[in-house]
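Novice: Structure, please.
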Amino acid sequence: MQRVVMSRAADKAYFIIREAILNGNLKEAEKIVEEDLVELCQVSRTPVRDALKKLNYEGFIKLKQNQGGWVRQWSKEEVREVFEARALVEGYIIQLTTDKVMDEDIAFLTNNVSDLENIIASHIDKNINVESIIPIFLENNREFHDKLYEICRNDRLRNLMFALSPPPLVHRTAKVFDFKRIQQSCNDHKMIVTALKSKDRKWAQSVMQAHILAAADSYSEHFNDF
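Specialist: The predicted structure follows:
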């Protein structure tokens, strides 16, 4: 995947617009008005347009030539296809990963899981609202799966997974997680590490696919359009 390089002003606009989409200030299917975004971001039109191109690439919005753009709306068919395709590809990736994983990789993944377990326990003990852990959970989850792609050493599959894990769906799914669901995800990751240590391809595949489809079930429980 080629990294998109933008100016500082475009980066600023990107994060502001992205956050507006994720927090619902810009709603699904809402028309994008450049003038409003220029005012919101306090930058000129050029960085806003650059930011919109990146958001279009990542699936946050949908741009059409000579028609402007809209915040991306996901149909239930599209969402189901994304999760099912991801389960298939991630299931294959984890099998390849099982063959290539090294002791230092296991140590990294084990620490990643342990870090999240400690954070979850701390939040529960202190009775902290679950919303505060979501950004931490998302980053921890990204690091875990990115490490698996790195171990797999297959750039084509890694790029395919980016297309199958659009950030808007990832964030929208995580936002409905409660502590129980976050703990379950963490336990899935722990089981995946155990399967990798055992060099059991089929077990790793089974756990990974169940892990992905469980996220699909969480999405369907909370969004009527699924």
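
Novice: can you point me to the longest helix in this structure?
Specialist: Counting by DSSP state H, the longest helix found in the chain is helix 76-100.

Novice: Next secondary structure element downstream of that one?
Specialist: Note on helix 76-100: by DSSP states H and E, the next helix or strand toward the C-terminus is helix 103-125.

Novice: What are the buried residues along that following helix?
Specialist: The neighbour-count check on helix 103-125 (16 or more other C-beta atoms under 10 Å) flags Asp105, Phe108, Leu109, Thr110, Asn112, Val113, Leu116, Ile119, Ile120, His123 as buried. C-beta: built from backbone N, CA, C; applies to glycine.

Novice: what does it rub up against?
Specialist: In this structure, residues lying in contact with helix 103-125 by C-beta atoms under 8 Å, 6 or more residues apart in numbering are 128, 130, 132-133, 136-137, 140, 143-144, 147-148, 151, 179, 182-183, 186, 189-190, 192-193, 196-197.

Novice: Go again with 7 Å.
Specialist: Contacts to helix 103-125, defined as C-beta atoms under 7 Å, 6 or more residues apart in numbering, come from residues 132-133, 136-137, 140, 143-144, 147, 151, 179, 182-183, 186, 189-190, 193, 196-197.

Novice: as a whole number, average confidence for that helix?
Specialist: Across helix 103-125, the average pLDDT comes to 94.

Novice: C-alpha coordinates for that helix, CSV please?
Specialist: Output of helix 103-125 as CSV, limited to C-alpha atoms (Å, rounded to 0.1, in the frame of the first residue of the first chain):
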residue,chain,number,x,y,z
ASP,A,103,9.7,-16.8,19.2
GLU,A,104,10.2,-13.0,19.2
ASP,A,105,6.9,-12.7,17.3
ILE,A,106,5.1,-14.7,20.0
ALA,A,107,6.7,-12.5,22.6
PHE,A,108,5.4,-9.3,20.9
LEU,A,109,1.9,-10.7,20.5
THR,A,110,1.8,-12.0,24.1
ASN,A,111,2.8,-8.6,25.4
ASN,A,112,0.2,-6.9,23.2
VAL,A,113,-2.5,-9.1,24.7
SER,A,114,-1.2,-8.7,28.2
ASP,A,115,-1.2,-4.9,27.8
LEU,A,116,-4.8,-4.8,26.8
GLU,A,117,-5.8,-7.2,29.7
ASN,A,118,-4.2,-4.8,32.2
ILE,A,119,-5.9,-1.8,30.6
ILE,A,120,-9.3,-3.5,30.7
ALA,A,121,-8.8,-4.5,34.4
SER,A,122,-7.7,-1.0,35.4
HIS,A,123,-10.7,0.6,33.7
ILE,A,124,-13.1,-1.9,35.3
ASP,A,125,-11.5,-1.5,38.8
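
Novice: quick one: contacts of the lowest-mean-pLDDT helix or strand in the chain?
Specialist: Using mean pLDDT, DSSP states H and E, helix 167-174 stands out as the lowest-scoring helix or strand of the chain, at a mean of 80. Contacts with helix 167-174, where a contact means C-beta under 7 Å, 6+ apart, come from 21-22, 58-60, 72, 74, 79, 82, 134, 137-138, 215, 218-219.
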